[in-house]
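**Q** Predicted model and sequence below, questions to follow.
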Amino acid sequence: MKKRYALRFSPTLVEQPIVSKLVRTYDVDINILNADVASGRGGKLIVELSGSEQALAQSVSYLNEIGIVVSEMVKELTFAEEQCIHCGACTAVCSPRALTLDSAAHLVFDVSLCVVCGLCVQACPLRLFAITDERGA
C-alpha cells in the first residue's frame, strides 16, 4: 500500500532522524517527493510511504505523537492533454519535474512525480490543469 502525506514540523524536530526511525521501526519505505527543510526554521516534507496498512497507521501515529502535523494527500492533478499546445509554461514552475518537454518539444506529464502543488494550474495559459479530490468528494 502507498499513501502520500504532507508533513509539517517545528524547528526542534529538524535535528531528529525521523525518516530513518520510520524505516527501521515501522518497516515502511519512504520516497521524499518534495522538501523544504532548514535547521532552525522547521519545514515541510511531501512523502510517499509504502508498507502494510498497519505499518502506515503506526507511522502516522508516531509522527503525530512527536508533534509533526500529518495531512494525507487526497488530491490529484488532472490534465486535459488533448488540448495542450506544448508551450512549456507549466514546466517552468514544476520543481519535481513531473512536467517536462521531450526532445520533440511535446509536454510529458509523469503523474508519479507530481506532488499536487498546484503551481501548474495557474501557469497554464489554457487552464488545462485542475486539482481534484481522489475520494470523489
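**A** Sure, I can see it.
**Q** Give the buried residues for stretch 124-131.
**A** Within stretch 124-131, the residues that count as buried by 16 or more other Cβ atoms under 10 Å are 124, 128, 129. Yep, even glycine has a C-beta here, placed from its N, CA and C like the rest.
**Q** Kindly report the same for stretch 32-51.
**A** Residues 33, 43, 45, 46, 47, 48, 49, 51 are the ones in stretch 32-51 that count as buried (16+ other Cβ under 10 Å).
**Q** give the contact list for the second one.
**A** Taking Cβ atoms under 8 Å, 6 or more residues apart in numbering as the contact definition, residue 43 lies against 8, 9, 14, 35, 36, 37.
**Q** hmm, back to that, could the buried residues of stretch 124-131 go into CSV alongside secondary structure?
**A** Conversion of the buried residues of stretch 124-131 to CSV gives the following (DSSP: H, G, I helix; E, B strand; the rest coil):
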residue, secondary structure
124, coil
128, coil
129, strand
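**Q** and which of those residues is nearest to residue 22?
**A** Looking at the buried residues of stretch 124-131 and their distance to residue 22, the nearest is residue 129, at 31.5 Å (Cβ to Cβ).
**Q** how about that closest one, what does it touch?
**A** Listed by Cβ under 8 Å, 6+ apart, the contact partners of residue 129 are 77, 78, 79, 80, 90, 120, 121.
**Q** quick one: which two of the residues you listed are the most distant?
**A** Set against one another by Cβ to Cβ, those have their most distant pair in 78 and 90, with a gap of 13.2 Å.
**Q** quick one: which of the two has more around it?
**A** Residue environment comparison for residue 78 versus residue 90 gives the larger neighbour count to residue 90, 25 against 13, counting by other Cβ atoms under 10 Å.
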